[in-house]
Every structure is written in structure tokens, then in C-alpha cells.
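Peer 1: With the sequence up front, the predicted model follows.
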Amino acid sequence: MTVLVFAVWIIGTLINLRLAAGGRGAGLAPLVLGLTLLGMWELAVRGFGISPVILPPPSAIAVRIAGSLPILWEDFVQTVIKGALSGYVIGCGAALITAVIVDRFDFLRRGLLPVGNFVAALPVIGIAPILVMWFGFDWQSKAAVVVVMVFFPMLVNAVEGLRATEPMQRDLMHTYAAGYWTALVKMRLPAALPFVFNGLKIASTLALIGAIVAEFFGSPIRGMGFRISTSVGLLALDLVWAEIVVAAIAGSAFYGAIALIEKRMTFWHPSQRGR
């Protein structure tokens, strides 16, 4: 069985090498790699007789996903749409506005950013129960946790981006008699876009993690975190893995959408050349 598992890996690797050499099919390489890993997982679990309680095979997880679509959709809406996405929008939007204010008044940068670094270092398992007690057990408390998690990473990136222009560029705008707000809109905000999108991509992963973890500390009878915690107690590991798969797909799609928007809006930046 070990030989068979390694044979699947070798075949998948050879296919990927052929795709990479061809050039046009390079985009299929991640799909081939994923299918290779799933095949190895399936063979290893069934061939070595691993208990489904410890690690269910991918086929069992797929069957569970197909049979639990209403539950998975309800949990997706509760956790991703209501909790993670709302907190993400509020937290990142507030961070961008705060970054402009901090950039305008330098004393705020010196005073606020150290406090932000302190708050960002707080563990989510410490602040989540407090926010659940403050905002209740529904999605609002999860959104509050997400706001706390994404606000300061987004703020730091945005502030650094607003300071990324060259002295010669700033002198040129001053020569044109451009005021602060004109220079901000026409020069500094466009120059800050790569930093802003970097913060948005980091926050996209933090938002989903924060919403799921927060549900472990209090939730109505729906949500990914709630379903994972209760399913582990019932030894329904296939449902746990089904929730993990949905969360991974949602997080990857969210990150990919932001990366695609970044590519369209910052095509002029050197980081986008050759992509």
C-alpha cells in the first residue's frame, strides 16, 4: 500500500512537470496537485485501515457534504456572511478612515500605533468570550471579534502605504500648489493601494478565523464554529471535515477575489509585472 501511495505521488508530480514545461497548462498544476493529495489520502486511509473517527477518507467527506448541504449553507451564512464579512467591512473601513486621520496628524501616529500593536497581540481566545458577553450570542459578537482582529493590521498597512511616496513626488505636488486633500486623492492614495490590498488580504484570513473561533464561546444553534465543536463531541468527524472544507473554500475564494481586484487596480505596480 505504501508503494501504491508513492506511485500516485510520482504520477501526479510527473503530470505537473509536464504541465509546467508546456506553459499553457501551468494553471492546472494546483488542481492536479490537489487531486494527487486527495488520492493519496484516500488510499492511505482505506489501505492502512485508519478509523474514520481519526481520519475519514475524502470520499466519506464528499458524501457528507452532499447530504448536509442545507446545514452547511445555514452555517456558511451565519459565520461567513453575517459574522466574518460584516466584521471585515466594518473593521477595514474604519481602519482606512483612521489611517487618513493618523496620516494627517502625525502625533496620532506616534501615539496610536503602539497601542494598536498591543491590541493586535491580544489572543482571540481571550477577547472572544468578553465580546460575546458584551454583544450577545448571535453574529454581532462574532463581527465584533473580527473587527478587533482586522482593524490594526489594516491600519498599519494603510499608514505605511500613505507614507510610501517619494520626496520628489511630494515636492512636485507642492510645486503645483496642491493642498493636502488634493495630494492625498491624486497621489498618496493611489501609491498606497499595494499596501492597502496587502492589508485586505491579510485581514481576509483573519476574519474567517476570528468568526469561527468566536463561535466556540457562545453561539445560536448554527454556525461553523458551533457545528465543529458539537460534532467533535458527537464523534461526527465527517461533518467536522465537511465544515473545514467549506471554510477553506470560502477563505480561498475570498482571498482570490481580493487578489484579482488588486491585479486590476494596481496593474501599474512592479509587483504585478509578469503575473
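Peer 2: That came in fine, so what should we check first? Residues are numbered from 1 along each chain as shown.

Peer 1: Can you find the helix or strand of this structure with the lowest average pLDDT?
Peer 2: helix 167-175 (a mean of 64; mean pLDDT, DSSP states H and E).

Peer 1: Contact partners for Leu193?
Peer 2: 161, 262, 265-266, 269 (CB atoms under 8 Å, 6 or more residues apart in numbering). Where C-beta positions appear, they are placed from N, C-alpha and C, glycine not excepted.

Peer 1: Dihedrals phi and psi, it?
Peer 2: The phi and psi torsions at Leu193 (degrees, to the nearest 10) take the values phi -60, psi -40.

Peer 1: and if you look at Leu55?
Peer 2: Per degrees, to the nearest 10, the backbone of Leu55 is at phi -150, psi 100.

Peer 1: my guess is it contacts Glu42, does it?
Peer 2: No: counting by CB atoms under 8 Å, Leu55 stays clear of Glu42, with 10.8 Å between them.

Peer 1: Flag the shaky bits of the stretch 151-275 of the chain, pLDDT-wise.
Peer 2: The model of the stretch 151-275 of the chain has pLDDT under 70 over residues 166-180, 183, 267-275.

Peer 1: all helices for the chain, in order.
Peer 2: Listed in chain order, the helices of the chain (DSSP state H) span 2-22, 29-47, 58-67, 69-76, 86-104, 106-120, 124-135, 139-162, 167-175, 180-183, 189-214, 224-233, 237-265.

Peer 1: any idea which of these is most buried?
Peer 2: Greatest average neighbour count among the helices of the chain goes to helix 139-162 (a mean of 24), per mean count of other CB atoms under 10 Å.

Peer 1: Can you name every helix or strand that it contacts?
Peer 2: Packing partners of helix 139-162 (3 or more CB pairs under 8 Å, 6 or more residues apart in numbering; DSSP states H and E): helix 86-104, helix 106-120, helix 124-135, helix 189-214.

Peer 1: which one of the ones you listed lies closest to Pro30?
Peer 2: helix 189-214 (17.7 Å; CB to CB).

Peer 1: Give me the distance from the closest one to the chain's centre.
Peer 2: Put simply, helix 189-214 sits 7 Å off its chain's centre (CA atoms, centre = their mean, to the nearest Å).
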